[in-house]
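In: this is a predicted model, with the sequence first.
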Amino acid sequence: MDPALVFRLAAAGFVATAVVVAVLGQRSPPPSPAPAASPPTTMVATADPHQAALRQCQSLGAAGAEDSECLAAWARQRDRFLGRPQPSQER
């Protein structure tokens, strides 16, 4: 057999093997399904009454957008976040 032919066959086999290994390396295993988030079984008591009010409003869903207590709680939270003084601190 001609040595040039053997060299070409070996080179072609090497390239084919490299392509197969590269393709197999790019394949990722299927992602495992994420565990379903279960709601907490017990509510953690918060020391901040504003957070408790906001959680209550959150549980109301879209109805919370029309609830006067929720609107006031969100306004207080927004003021706290923006660093605005509380009504009792304005003096």
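Out: Cool, got the structure.
In: quick check: Leu60 touching Cys70?
Out: Yes. Between Leu60 and Cys70 there is a contact under C-beta atoms under 8 Å: 6.6 Å. The way it works is simple: take the backbone N, C-alpha and C, and place the C-beta from them, glycine included.
In: count the neighbours of Ala73 for me.
Out: Counted with other C-beta atoms under 10 Å, residues neighbouring Ala73 total 21.
In: distance of it from Ser59?
Out: 12 Å (C-beta to C-beta, to the nearest Å).
In: other SSEs contacting the helix or strand hosting Ala10?
Out: Using DSSP states H and E, Ala10 sits within helix 3-26. For helix 3-26, there is no helix or strand it packs on, judged by 3 or more C-beta pairs under 8 Å, 6 or more residues apart in numbering; DSSP states H and E.
In: could you list the buried residues of the helix or strand just after it?
Out: Next helix or strand after helix 3-26 toward the C-terminus (DSSP H and E): helix 49-60. The neighbour-count check on helix 49-60 (16 or more other C-beta atoms under 10 Å) flags 53-54, 57 as buried.
In: likewise stretch 24-34?
Out: In stretch 24-34, counting by 16+ other C-beta under 10 Å, buried: nothing.
In: what does that stretch contact?
Out: For stretch 24-34, there are no external contacting residues (C-beta atoms under 8 Å, 6 or more residues apart in numbering).
In: so where's this structure shaky on pLDDT?
Out: Applying pLDDT under 70 to the chain flags residues 30-31, 36-47, 87-91.
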